[in-house]
Each structure stands twice: as structure tokens, then as C-alpha cells.
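S.K.: Just the structure for this:
(3 chains)
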Amino acid sequence: MRRALFALAIVAVLLWSVAPALWQALTALKPDEQITKIPTVYLPNPVTFEHVTALWERKPFGRYLLNSALVSAWATLLCLVCAAPAAAVLSRAPARWRNRALLGLLWVGLFPPILLLFPLYEGVRFLGWINQPAALIIPYAALHLPLAVWVLESAFRALPREIEEAGRLDGLRALDRVRRLHAPLAAPSVATAGLLVFIFCWNEFLLALTFLTRDGAKTVTAGIASVAGSSLYEIPWGQLSAATVCATLPLAILVLVFQRRIVSGLTRGAVKG
Amino acid sequence: MSGRERARDQWYLLLPAVLLLGVAVVIPVARVILLSLSRVDLAEGATTFAGLDAYARLWGDSRWWSSWSNTLVFTGCSVAVELVAGVAFALLLHRTFRGRGWVRALVILPWALPTAVMALAWGWIFNDAFGVANDLLQRLGMIGAPVAWLGHPGTAMAALIVADIWKTTPFVTLVVLAGLQSISADVLEAARLDGLSAPQRFRRIVLPLLVPTLLVAVAFRVVQAYGSFDLIYVLTGGGPGGSTETVSLYAFQNVFRYLDFGYGSAVATQAALLLAIAAALAAALAGRKGGRA
Amino acid sequence: MSDLRGRELVKEFPGGVRALDGVSFEAPGRKILTLLGPSGCGKTTLLRVIAGLESPTSGSLDLDGLDLLGVPAGRRDVGFVFQNYALYPHLTVAGNLGLALEVRGMARGERERKIRETASILGLEALLARKPGQLSGGQQQRVALGRALVRQPRLYLLDEPLSNLDAVLRESMRFELKTLLRRVDATAIYVTHDQAEAMSLSDHLAVMRGGRILQYGTPSDVYRRPEQVFVATFVGSPGMTLWRVTRDGDGCRSGAARLPLAPPSTPAEDFLAGIRPEDVEVFASAAPGSFQATVEGAELMGARTLFTLRSGDALTRVLAAPDACAGRVWVRWPPGRVHWFDPATERRIDGAIGTEAR
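M.R.: Residues are numbered from 1 along each chain as shown, chains lettered A, B, ... in the order given. Below is the predicted model of the structure:
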């Protein structure tokens, strides 16, 4: 009896978690008449891919996905490259400084992002970077630096000091040591940090919306907004749903494949706090 | 290697991060504060120092106050529900069962998907004519006629809160799960042998030991919900009639629609300042309580 | 009286692991029974089954004739002392001691009286307001004990309670623990892998391995008459010397070494012969029944030295006075103190057994 209730609870939680995304997928595959039918038609019959094809014809969705991937990848790289050395320093710093620095980083990471938007916009416009990937890559790397440093710092701290000392005696300079010792030895954590940063970059909306105005330059989140149009009334729901699915599928796959890593990275960071 | 060399090396290592943060965070924040103290005249292209004028104006701005109260309502309700739901989910996921990995992966899915994109999905769910929310509620007999969720102030806020809860409960769940895992199983067994029933064990052992974790989760979530933009912009746009407009949105409108850069900056700065004050108070309170105990 | 009786207890875990493979035992009231064995032998599992933390796959368990298996864990009236103490981190020492009483609805006044009583028995009065995090290992261990003591249960179950203490503390606590258990006149089941601890604490000993009880008896019985090779080598330190021998006329032979020792009068030809280092006799010159050996090693162990003597390819270990052996000596295994085992079944063969009083 207990076990049945437990199973029921798990199923309920699962349904709750996937329902909205699932509903989008179902809507995307329904012919128009079924989308706007009352009472609601739940399962598409027959399944149609017309919305998906229309979407890809109407909007450069492939381009959006590519832009998102590029921006996120570069931002992640930049972020890790800046975070790793800093994390290495913090991991060996005396506890007082380390805690202060980590706490300070925490504050930085929690700013309401709206605060930064306009000055960044000014800067981006001044540099002529509107619609350029650099406009997003640099702010993204900065915004997610705190998270990366938190994850990497605890991993680096767990490495035995002796290895760094051996490296130093072997003549390795500081940056080399980070590159050749810290990073490879803490590779799983580096991967975790990278994964989390990548996901956050992909999902970012505010900066992408503001800095990318040309369709071909948009990332997926900004592009979706353009599919939606200005009001929620004349929306091609079928296409919109198709857009949602296309935008979220890569991430869903990423999460399912790397779930253990993501969970451990998040919880470790959170417990630290 | 001398101490000086080592110190120099350390500064080199810190430089990229410091530069990055300086350029993309510190300087912008400084600029925003400066702007909030300025008047930008687009026609003349001139920026003049205006002191605290913008803040004075904010004080009398009813739209500011309503956006602030909307923010508080949104934050308070979301976080409260997420806390309870997160603990419940974490308790479920804490047990070992077959396929737990998959279940966990699906449970964190909402958190991993882009907020802005899923906001559109929720818009469709809450659609007044064709939305599945209305359909389900009607089938379950909970409402008589379709509700225009996004058309009325109260229900729009409710829709927002539901969408936010869906999105961020996984985060709370994971944090609480980590907290649960740090409670040694032995201690719970000792409690069982001491004669405590399951609800008693939860109330007297698990919950007290979870308090630090819960505080962390609440702190994170309050700050995140306070600064929420994506969800609200896409799902309701602040409407209807500004009833779901939060401070982030108000700041955005001022800057990008009304082109009132100084004022928009003031809105953002003031909102951040109020949050910082609340956080500092909370930290001081927590510190004092911890110290006394 | 608190007699605990277990019959044919089996515990199988998913995956087919049989932690308990048909264990039957008796723990007479007001006595200390020790479950002794290497890790993985099932001793902790058995303890947990008795506590109610695990349910056996099959078998019966009763206390004074009443079936215990039907009673849920919180109601079995057992006091459990965990290896890692498992103290409630957020409660004070007083809180830890009193929780079980509070849950039972005991009035505050009486509860506090009992807490103070228990605290004074264990020397914890000064620590009542502290939290576990502020206590040393030894203090935590006493609180864990106190938590069991305060309820005055019928049965005490102790899971390696001393293993987390350092060696010096462990020895002093061993004595204190025994005195304490005697004082409360408790029926106790004690789990350990430390045979010295088991020998000194127990009234009865059950040596376990692979989910079964290999031998049950008083420490003295188990030491003097091990029924199995494993018991013979596990109990007693330094360990027994075991030779694999073949009958050779009226003696036996191990490789090149000949032992002027008559094997038991059975039809078998192969045996395992064992002798404890403290029973071996050593002489400077040939004596009746002795054989030659050269001293290969000597380890000083305080008052005595453990010598390793080589005869051919076989080694004998002897515990003797520090200057007893040098160079070449003559060794004798007194027939009355030799233990004989069947090499195939590893069971004791009764021929000549160590019944001489020591």
C-alpha cells in the first residue's frame, strides 16, 4: 500500500515536471484545426510536421540554434579560462580571504541583471557590437564567473597540495600548473562547471533580446520572441510550439545525458552556501 | 621560489577574472548608479548631474510603488510554495528506487529549459480560449467557465507564480536533497529505535537539521525571484494594466521604451539597493541568532 | 529474565547476498554475548535484525518466549549503541538522553531526574548543556551509551562501540563498559572484530563467518578448544602456528621437517596441526620429543619475545622470554596442547586435545 502511494507520488511529480514541455510537443505536431478545437484535443491525430517545416522556412531557426551554440560555447570557454586560475588561487588562499572572496562573488552573481543591462547596452553600441556575438560572449562569461569559480574552487581544494609543489619544483609556472595539473586532475568538475555555464548561457534572454536585433544574428531565446510577435493574439500557435520544442530539445537531451553531473554540481555549490 | 614571486604569480592568475568582472559587472554597476544621478537629454545629447532628483521622483511615483509591491507579492508567494514543494519532492527523491536517475533528470528539466521559451508554453497553457489549463480545470469540475487568466490582474499574477514555481522548484529540490543527504542515516535509525514515528522523525530530527539548507535555498530564491525578468516579460509583459509589472520590467520600460535612461537607472538601482539592505539585515539577524545559540 | 533466542535466521539482500545464512543462537539473560568475526561476516546484520532495523528473510526471534519479529523497531525495548554514535547533532547531551523518554510521554520532572541519574553514572553531568559537536570522541561515546542506558531497556545492543576510539582509550573504556553492563545487570549483545575485546568482555562468544556462527561458547572454551581452523587462527594473539602434515610412522612430517608427534588415531593420512606460540616449548639442547630449529626472527613484545623458528621449510612461532632462543634450538610441541584439524573440512579432530589446566 505504502509502495503504491509512493509510486503514485513519483508519477505525479514526473507528470508535473514534463507536462508543459510535453504539451508543447503535442501541440507542435497537431494540425491547426485540432489546436484550436474546443474541448481540447489531447493527442494529435494524425501527427503532422507542417508547423515544424513552416517554422524553419519562415524563420532561420537553424541559424538561431547555431548562434546559441556558438555564443554559449565561446562564453563557456572564456568563463572557464578566467575562472580556473582564479579558483586555483582561491583554493590555496587562507580561509578568511577565500571566504570573503567567495561571498563577494556570490553577491555579484545575484545582482538583478536588469541593473547591468543599460550600461552594457551603451558599451556594446559604442563598440559597434550590436548583433555581434562578442556583445553576448563577454557579459555571459562575466555573469557566470561566480558559479564557475564556486564549482572549480572546491574541486581544486580537494587536490593534494603535494602535486602542485611537485609541479613547482619541476619548473612549471603558475598558469602552466593550472593548465596541466589542476584542470586535468579536476576534469569532472571542470566539465560540470562548463555544462552548467553552457546551460545558463543558452537560456539567457534579456541581453540577447536587447543586443541582437537582426534576425540572422539572434540566438534561440531572442528568436523565439520574434516568432511570437508583439501581442499574444495573432500567434501561430502551431509554429510557436514547434519553435519551443526545437529550442528546448538540445537542452533536454543535454540534461538527460549529463543529469548526474549537473545534479552533483548544483548541490555541491548550494551546500557550500 | 620567493614569496614575492609567488604573490606576483597569484595576481597574474587573478587578473583575467578581475578584468572580466570589472569590465562587465563593476563598471556597468558604477555607470548605472551614476546615470541614476543624472539627467539625460536626448535632444541635446547632454548628460547633466541631477543629484537625487530621480529618487525623489520615484518616491512619489505610484507606478514604482505598485511595481515594487508586485515584485514582493510575486517573490513571496513563489518562494513560499517552492519551499514546501521542494522539500516534498526532495523527500520523495531521497529514497532509493529503481530508475531514480531518470526521475531526477526529468525533475530538473524545468529548471534547465530556457525561461523565456517556456514562458511562451505557459502562455499557451493559460490561453483563455484554447488553453489546456481551462480545459483540465473544467473537466475536473473546478471551474464552470473558461478563465481569462492573463486578462485579469489576480489571475495573471497567479499564472505567473505557477509558471515560476514550475521552473524553479527543481532548484530548491536539489538543494534540499543535498541537505537531506548530509543527515547521517544512523541518526535517523537511532531516532527510530528511540521510538519516534516517521512524522515525529521528520518534525524533530530532519526538519531542524535541514534549517541551514532551507535558509540557503530561500536566500537564493528570494534574490532570483526578485530580479525575475524573462518569465514576466514574455508571459504577461507586465499586464494586464501593469498588475504584474515588477521592478525589473519597470526599469526596462523606462530605459528602452520611454528612453528615460536616468530614471530607468534609478529604478534599477533603487530596487537593487532595497534588496541589498534586506539581505544585509537578514544576514545580521542570522549571524546574531547563530552566535547566541 | 530477558533470554533472547534466535532460530535459523536468514537474511538475503536483493542481488542474492546472504548476510545471514541460518543463524541460531541463545543470549542468556543478564549476560554479555559477543558476536566476533571479520568484516562482512554478518555480525552487524544480526544485530540490526535483533534491533528491528532489518527484517529477516526467514527464521524466528523471541525474547522470553515472546516473538520479537512482530514488534516494530521502536517498541522492542532495546538500547542500541551505534559504532558512529549517531547522536542528534542539534540537541544537547541532555536532549539526546531525554528524547526517547519524551516521546514516551514521561513527565518532565521524572525525565530530568533520569537524565541526571544516567549522566552521573557515566560522568557526564558537566556536559549536559553541550552539543555533540562540542564533545570529544570518548565523551560522545559515553553519551551514546547513556542514550541506551537511560531507558533501562531489556536488551542492550552494541555495534563496535569502541572501534572509533584510540588504542589507549579503548582499553580503559573496555573495563568501564564491562563494569557498567554488570552494574545494570543487563543482557547485552556486543559486536566486534577485535578478538582481544571479545575475550575480555564476554560471558559468551559466537565466532561468525560468512553469515554463520562457527562456534559458540565461553571465551575460554573457544580459546582452548577451537572447533574450526578459522576460529583457531582468528582467536588468540599472536596467532596459532598451523602446519600441514602427513602421517609418518609414529610421528608426522611437513616437507623436510619431522615432527615427533603422533597424529590422532584415525584412518586419515593428512592433517592440519596447530599450536599456540605460548604453548610451544623451547630447549637449548635435545629433549625427548623435540626437534631442531634455527632462530630466524625475533620480535620484542614487551615482557616476552615472539621468535620465529625454522625447521626445513616450516616455521614455528614461539612466545618466550627475551633471551630464551639463540642460534640453534630444540623445539617441542607438547602433545596435550596440539590442536588437530581435518584439512578438507577444517573441523577439529578430537584426538589429543588441550585439556590440561594452565
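S.K.: Spell out which helix or strand contains B:Val218, please.
M.R.: helix B:207-226 (DSSP states H and E).
S.K.: going on from that helix, what's the next piece of helix or strand?
M.R.: Using DSSP H and E, the first helix or strand after helix B:207-226 is helix B:230-235.
S.K.: how about that following helix, does it reach chain A?
M.R.: Yes. Counting by Cβ under 8 Å from any Cβ of the partner chain, chain A is contacted by helix B:230-235 at B:230, B:233-234. C-beta: built from backbone N, CA, C; applies to glycine.
S.K.: Counting neighbours, which of those residues comes out on top?
M.R.: Highest neighbour count within these, by other Cβ atoms under 10 Å in any protein chain shown: B:Val234, with 26 neighbours.
S.K.: quick one: is the helix or strand containing C:Gln141 near chain B?
M.R.: C:Gln141 is part of helix C:137-149 when elements are defined by DSSP H and E. Yes. If you take Cβ under 8 Å from any Cβ as the test, helix C:137-149 does meet chain B, through C:Arg147.
S.K.: Just the CA trace of that helix, in PDB.
M.R.: Provided in PDB are the C-alpha atoms of helix C:137-149 (Å, rounded to 0.1, in the frame of the first residue of the first chain):
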ATOM      1  CA  GLY C 137      35.200  11.100  20.900                       C
ATOM      2  CA  GLY C 138      35.200   9.400  24.300                       C
ATOM      3  CA  GLN C 139      32.600  11.800  25.600                       C
ATOM      4  CA  GLN C 140      30.400  11.200  22.600                       C
ATOM      5  CA  GLN C 141      30.700   7.500  23.100                       C
ATOM      6  CA  ARG C 142      29.500   7.800  26.700                       C
ATOM      7  CA  VAL C 143      26.500   9.900  25.600                       C
ATOM      8  CA  ALA C 144      25.700   7.200  23.100                       C
ATOM      9  CA  LEU C 145      25.800   4.700  25.900                       C
ATOM     10  CA  GLY C 146      23.800   7.000  28.100                       C
ATOM     11  CA  ARG C 147      21.100   7.200  25.500                       C
ATOM     12  CA  ALA C 148      20.700   3.500  25.700                       C
ATOM     13  CA  LEU C 149      21.100   3.300  29.500                       C
END
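S.K.: just to revisit the earlier point, show me what the helix holding B:Val218 is in contact with.
M.R.: For helix B:207-226, contacts defined as Cβ atoms under 8 Å, 6 or more residues apart in numbering or on different chains pick out A:110, A:112, A:270-271, A:273, B:71, B:74-75, B:78-79, B:82-83, B:86-87, B:164, B:168, B:171-172, B:175-176, B:178-180, B:182-183, B:247, B:271, B:275, B:279, B:282, B:286, C:89-90.
S.K.: Check the residues you listed for burial and list the buried ones.
M.R.: Neighbour-count burial (16 or more other Cβ atoms under 10 Å in any protein chain shown) applied to the contacts of helix B:207-226 gives A:110, A:112, A:270-271, A:273, B:71, B:74-75, B:78-79, B:82-83, B:86-87, B:164, B:168, B:171-172, B:175-176, B:178-180, B:183, B:247, B:271, B:275, B:279, C:90.
S.K.: Quick one: list the elements packing against whichever strand or helix holds C:Ser172.
M.R.: Per DSSP H and E, C:Ser172 falls inside helix C:167-183. Here helix C:167-183 is seen to pack against helix C:108-122, helix C:137-149, helix C:195-201 when contacts are counted using 3 or more Cβ pairs under 8 Å, 6 or more residues apart in numbering or on different chains; DSSP states H and E.
S.K.: Quick one, which of those helices gets closest to chain A.
M.R.: Comparing the helices and strands packed on helix C:167-183 by their distance to chain A (Cβ to the nearest Cβ), the top pick is helix C:137-149, with 23.8 Å.
S.K.: ok, which stretches of chain C are helices?
M.R.: For chain C, applying DSSP state H gives helices covering C:43-51, C:93-103, C:108-122, C:137-149, C:167-183, C:195-201, C:219-224, C:229-234.
S.K.: Show me what counts as buried in the last one.
M.R.: Yep, that's helix C:229-234 we're talking about. C:229-232, C:234.
S.K.: Any chance of the residues you listed in TSV with distance to chain B as columns?
M.R.: Formatted as TSV, the buried residues of helix C:229-234 follow (distance: Cβ to the nearest Cβ, whole Å):
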residue	distance to chain B
C:Val229	35
C:Phe230	30
C:Val231	30
C:Ala232	34
C:Phe234	27
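S.K.: roughly how far out does the helix holding B:Val218 sit from the chain middle?
M.R.: Here helix B:207-226 is found 11 Å from its chain centre; the criterion is Cα atoms, centre = their mean, to the nearest Å.
S.K.: For stretch C:188-198, which outside residues touch it?
M.R.: Stretch C:188-198 is contacted from outside by C:4, C:27, C:31-39, C:43-44, C:46-47, C:50, C:155-163, C:170, C:174, C:181, C:201-202, C:205, C:219, C:234-237, using Cβ under 8 Å, 6+ apart.
S.K.: picking that back up, what's the most buried one of the helices and strands packed on helix C:167-183?
M.R.: helix C:137-149 (a mean of 23; mean count of other Cβ atoms under 10 Å in any protein chain shown).
S.K.: Show me what that helix is packed up against.
M.R.: Helix C:137-149 packs on strand C:78-81, helix C:93-103, helix C:108-122, helix C:167-183, going by 3+ Cβ pairs under 8 Å, 6+ apart.
S.K.: Name the nearest residue to the closest residue to chain A within the stretch 151-293 of chain B, ignoring sequence neighbours.
M.R.: Nearest residue of the stretch 151-293 of chain B to chain A: B:Gly227, at 3.1 Å (Cβ to the nearest Cβ). In this structure, B:Gly227 finds its nearest non-sequential neighbour in A:Pro112, 3.1 Å apart by Cβ to Cβ, 6 or more residues apart in numbering or on different chains.
S.K.: Same question for A:Ala225.
M.R.: For A:Ala225, ignoring the flanking residues on the chain, the nearest one in space by Cβ to Cβ, 6+ apart is A:Leu209 at 6.0 Å.
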